[in-house]
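# A predicted structure for the sequence below; I have some questions about it.
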Amino acid sequence: MPFHLHFDESDLLRVRFALSPLWETQEAVRTLNRPARHGYHVPWLRRIEADAASLDLTPLWMLMPDAGYNPDFICPPPLGPLATFAEEIAGVRATDPATARADIALALADTPGGPRSAAGRRMLADPEQAVQDLADLLERAWHVMVEPHWPRLRALLEADIAFHSRRLAEVGFERLLGDISPQLRWADSTLTVAGTRGNHSRVLGGQGLVLMPSVFAWPDVIGGYEAPWQPAVIYPARGIGGLWTEPRDRTPDALARLLGSSRADVLCALGEPAGTSTLAHRLSLAPSSVSEHLSVLRAAGLLTSRRYGHQVLYERTPLGIALAAQET
């Protein structure tokens, strides 16, 4: 069923990109319980399996029905592209209990047996405590399931935003939507998100729209957030297929002989733009060594760089792409 978002001129001026560690955390929780989503994430699932087994995620899963309402207060749209998990979870803890109860009631109504279950009755009877309990559980899930891998995830999300920001400047908003997903269509100042749950329509009314790439939302495009939250469209980030592949496993031997193994690893790890600290974490190298390799590769015409937010992102030039594509 489609989700319709109706724009006026002021809304088009307020389209922005963002990423959210809290969103990735709640989607990681959802992914753990949905085998249809496991495809690209099997290596991650294996790494977190033992630690995730120590978490009782049932209260969150009760609020995540496959076909129904999912509460917005447990993951409100981020205020900007650089929001931290600590900032976002503080926002969850500050949720008005009446707002939380209304959200919880809608989600439980779409969960078989939800309103009558002991956990459901507890949440509805004391929504203030439910907010804190759910925030505590999300925080534990973040530390166990997402935080250890956040540098890798953030690099992919930032690369997606950098790419699509350039595309927005090059081709405009309508063409950008088609690039992001075939589920997004634009006509008569209305954005239609196909394949979502339910048939909804919302007039943005000057609020604008948040476009947010996600690793764990794959393969879904999600059009969401009811008032009072800002409208958002969440879509699968580019490059998910190579997210959990270790760069050292795919560095061509000939390239390693030409550049040296570490420098070749750095070049091959840049399938998507990334910064020094992300590459250092990914390759288990010292940041100072990675910085030196990046400088040499850029001077040789194999990389370009640009500033994005708090860091400098590096990406391969056509020559760098050609060299990294050589067969092993």
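That came through, no problem. Predicted model, so just to flag it, every value in this text is computed and none were measured.
# tell me the contacts of the residue nearest the centre of the chain?
In the chain, the centroid-proximal residue (C-alpha atoms, centre = their mean) is residue 214; its distance is 2.4 Å. If you count contacts by C-beta atoms under 8 Å, 6 or more residues apart in numbering, residue 214 has them with 23, 24, 27, 157, 222, 234, 235, 236, 237. For the C-beta atoms, the positions are set from N, CA and C on the backbone; glycine is no exception.
# now, which of these lie within helices?
23, 24, 27, 157 (DSSP state H).
# report the two of those separated the most.
Pairwise distances among those were taken by C-beta to C-beta; the largest, 12.0 Å, belongs to 27 and 157.
# where do the contact lists of those two overlap?
Taking C-beta under 8 Å, 6+ apart as the contact rule, residue 27 and residue 157 both touch 214, 215.
# more neighbours: those two, which one.
Between residue 27 and residue 157, counting by other C-beta atoms under 10 Å, residue 157 is the more crowded of the two (27 against 24).
# for this structure, which spans come out with low pLDDT?
For the chain, the stretches with pLDDT under 70 are 1, 196-199, 245-250, 308-310, 325-328.
# tell me where it has helices.
So, for the chain - with DSSP H - the helices run 9-12, 21-32, 42-52, 58-62, 85-93, 97-109, 118-125, 127-141, 150-180, 253-259, 261-268, 276-283, 287-299, 318-324.
# list the buried ones in the first one?
This means helix 9-12. Neighbour counts over helix 9-12 (16 or more other C-beta atoms under 10 Å) mark residue 11 as buried.
# picking that back up, what is the nearest of the ones in helices among the contacts of residue 214 to residue 36?
Relative to residue 36, the closest of those is residue 27; by C-beta to C-beta it sits at 13.4 Å.
# do I have it right that that closest one meets residue 217?
Yes - assessed by C-beta atoms under 8 Å, residue 27 is found in contact with residue 217 at 5.3 Å.
# pretty sure residue 160 is touching residue 237, no?
Yes - look at residue 160 against residue 237 with C-beta under 8 Å: they come within range, at 4.3 Å.
# what touches both of these two?
Common contacts of residue 160 and residue 237 (C-beta under 8 Å, 6+ apart): residue 213.
# which two among the contacts of residue 214 are spaced furthest apart?
Most distant of the contacts of residue 214, by C-beta to C-beta, are 157 and 222, 15.1 Å apart.
# Serialize the helices of the chain to JSON lines and add fields for distance to residue 243.
Formatted as JSON lines, the helices of the chain follow (distance: least, C-beta to C-beta, whole Å):
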{"stretch": "helix 9-12", "distance to residue 243": "32"}
{"stretch": "helix 21-32", "distance to residue 243": "12"}
{"stretch": "helix 42-52", "distance to residue 243": "8"}
{"stretch": "helix 58-62", "distance to residue 243": "23"}
{"stretch": "helix 85-93", "distance to residue 243": "19"}
{"stretch": "helix 97-109", "distance to residue 243": "29"}
{"stretch": "helix 118-125", "distance to residue 243": "33"}
{"stretch": "helix 127-141", "distance to residue 243": "19"}
{"stretch": "helix 150-180", "distance to residue 243": "6"}
{"stretch": "helix 253-259", "distance to residue 243": "22"}
{"stretch": "helix 261-268", "distance to residue 243": "15"}
{"stretch": "helix 276-283", "distance to residue 243": "11"}
{"stretch": "helix 287-299", "distance to residue 243": "19"}
{"stretch": "helix 318-324", "distance to residue 243": "17"}
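# could you give the number of residues near residue 132?
Neighbour tally, residue 132, other C-beta under 10 Å: 14.
# contacting residues for it?
Here residue 132 is in contact with residue 93 (C-beta under 8 Å, 6+ apart).
# quick thing: my sequence starts at 504, can you match it?
In the new numbering, first residue 504, that becomes residue 635.
# where's it relative to residue 598, distance?
10 Å (C-beta to C-beta, to the nearest Å).
# counting neighbours, what do you get for the closest residue to residue 733 other than its chain neighbours?
Spatial nearest neighbour of residue 733, excluding adjacent residues (C-beta to C-beta, 6 or more residues apart in numbering): residue 580 at 4.8 Å. Counted with other C-beta under 10 Å, the neighbours of residue 580 add up to 22.
# wait, residue 580 sits on residue 731?
No - the criterion here is C-beta under 8 Å, and residue 580 misses it with residue 731 at 10.7 Å.
# overlap in contacts of these two?
By C-beta under 8 Å, 6+ apart, no residue touches both residue 580 and residue 731.
# quick check: phi and psi at residue 629.
The phi and psi values for residue 629, taken as degrees, to the nearest 10, are phi -140, psi 70.
# contacts only, for it.
Residue 629 sits next to no residue when contact means C-beta under 8 Å, 6+ apart.
# same check on residue 652?
Contacts of residue 652 by C-beta under 8 Å, 6+ apart are 547, 550.
# before we move on, the earlier item: turn the contacts of residue 717 into a markdown table, including distance to residue 671.
Converted to a markdown table, these look like this (distance: C-beta to C-beta, whole Å):
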| residue | distance to residue 671 |
| --- | --- |
| 526 | 21 |
| 527 | 23 |
| 530 | 24 |
| 660 | 16 |
| 725 | 20 |
| 737 | 17 |
| 738 | 14 |
| 739 | 18 |
| 740 | 16 |
